[in-house]
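1. pasted the sequence and its predicted model underneath.
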Amino acid sequence: METKRLTGYAHGGGCACKIPPGELEQMVSGLVGVESEDLVVGLDDGDDACAVVFGDNGEVAISTTDFFTPVVDNPFDWGRIAAANALSDVYAMGGTPLLAINILGWPRGVLPVELATEVLRGGLEVCRSAGIPLAGGHSIDNPEPIYGLAVTGRGHRDRLLRNDAAEAGLPLTLTKPIGVGVLNNRHKATGDVFPQAVESMVRLNSEAAEAAVAAGVKAATDVTGFGLLGHLFKMCRASGVSAVIDHAAVPVLEGARESMAEGFIPGGSRRNLDWVSPHVESGLSEQEMILLADAQTSGGLLIAGEIPGGTVIGELVPAQAPVIRVR
């Protein structure tokens, strides 16, 4: 198979391609669907997925979709990463995935069909590891390659992990290190490969979600395109609380700080910091703050509570200005 650098066929990579949070909120402001008393979680607070009650026992159906342009050059790894990232939205709600379908955009005549097969094979591999079927999907001829999944899951309305249920006095736990955005940016620019970043991105958040639900956690989100600070701010805003972060406690992937020092900084990470900075107080350098806002792909869960295997990075406190203090 002819060697192709997939990241060279995309203007950005992974969740760094997300529309900036400020623009997205303006875009969807005021948009509501059909009002339904069965809709438990919708668009209001920027949760990771939606949830609707079905049946009489409080069970909910959880639905989400996620896709993006290549974050790494290896097509099989890209498929695995994109699938793990899409499944994460269900785990971040405290749910269990049931079924996934493919979303594929492919530049026909530009990239070999064999590469697309490898992308799909990667997605299938991750769905198998999650114990769910990957059953068909939809594809289009597209100028840039894109891949992801639409996922259906299940949960219980009384055990959902939500953006708006965080309470002051709880510790904040992060279940994966940050820094994949920086390392992916370097990979796109140089071709350097970072196995530690790939391993982090393909690891499912299933065990962390199960532990959080078992511990009675009520609030969580996954850390993806808006970075740690961005997703934390959205949780605090929705819950009416504030947060204090110990930046020295935040786990960072090996090589991320060195890569930042050499100038490999994703544009999405800068945009994240620009958006959240009016709500953050810190004496850290700009480089450290960009790292805390680094656009993650298939990042870990940010949990209002403590679970085994996670890293406590701070705590939630009563609402105050600014919303987040980094010490």
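-> Structure's in. What do you need? Just so you know, these numbers come straight off a predicted model, no measurement behind them. Numbers count the residues shown, from 1 in each chain.

2. could you pull out the helices for the stretch 1-150 of the chain?
-> Ranges of helices in the stretch 1-150 of the chain, per DSSP state H, counting those that start in this stretch, are 21-28, 75-92, 113-130.

3. pick out the shakiest of those, pLDDT-wise.
-> Note on the helices of the stretch 1-150 of the chain: helix 21-28 shows the lowest mean pLDDT, a mean of 74.

4. how far off centre is it?
-> 17 Å (C-alpha atoms, centre = their mean, to the nearest Å).

5. does anything pack onto that helix? Which helices or strands?
-> Judged by 3 or more C-beta pairs under 8 Å, 6 or more residues apart in numbering; DSSP states H and E, helix 21-28 is in contact with helix 267-276. Any C-beta I mention is one placed from the backbone N, CA and C, and that applies to glycine too.

6. that older thread, tell me which of the helices of the stretch 1-150 of the chain sits nearest to residue 255.
-> helix 75-92 (17.0 Å; C-beta to C-beta).

7. and the angle from the host helix or strand of residue 231 to helix 75-92?
-> For residue 231, the host element (DSSP states H and E) is helix 227-239. Here helix 227-239 points in a direction 20 degrees away from that of helix 75-92 (axes from the mean of the first three to the mean of the last three C-alpha atoms, to 10 degrees).

8. what sits against residue 245?
-> The contact partners of residue 245, by C-beta atoms under 8 Å, 6 or more residues apart in numbering, come to 172, 232, 292, 313-314, 324-327.

9. residue 135: which of these is nearest?
-> Ranked by distance to residue 135 (C-beta to C-beta), these are led by residue 232 at 35.1 Å.

10. before we move on, back to that, weed out the non-buried ones from the contacts of residue 245.
-> Among the contacts of residue 245, the ones that count as buried by 16 or more other C-beta atoms under 10 Å are 172, 232, 292, 313-314, 324, 326.

11. inside strands: which ones of the residues you listed?
-> In this view, the buried ones among the contacts of residue 245 that belong to strands under DSSP state E are 172, 313-314, 324, 326.

12. residue 96: which of the residues you listed is nearest?
-> residue 172 (24.3 Å).

13. show the model's pLDDT score for the closest one.
-> Per-residue confidence at residue 172 stands at 98 (pLDDT).

14. next one: it from residue 285, what distance?
-> 22 Å (C-beta to C-beta, to the nearest Å).

15. now do residue 143
-> From residue 143 to residue 285 the distance is 38 Å (C-beta to C-beta).

16. give the residue spans of the stretch 1-150 of the chain that score low on pLDDT.
-> Along the stretch 1-150 of the chain, segments meeting pLDDT under 70 span 1-3, 12-18, 30-35, 42-48.

17. switch to 50 and redo it
-> 1 (pLDDT under 50).

18. so which residues of the stretch 151-300 of the chain form helices?
-> Using DSSP H, counting those that start in this stretch, helices in the stretch 151-300 of the chain cover 180-190, 195-202, 206-214, 227-239, 256-261, 267-276, 286-292.
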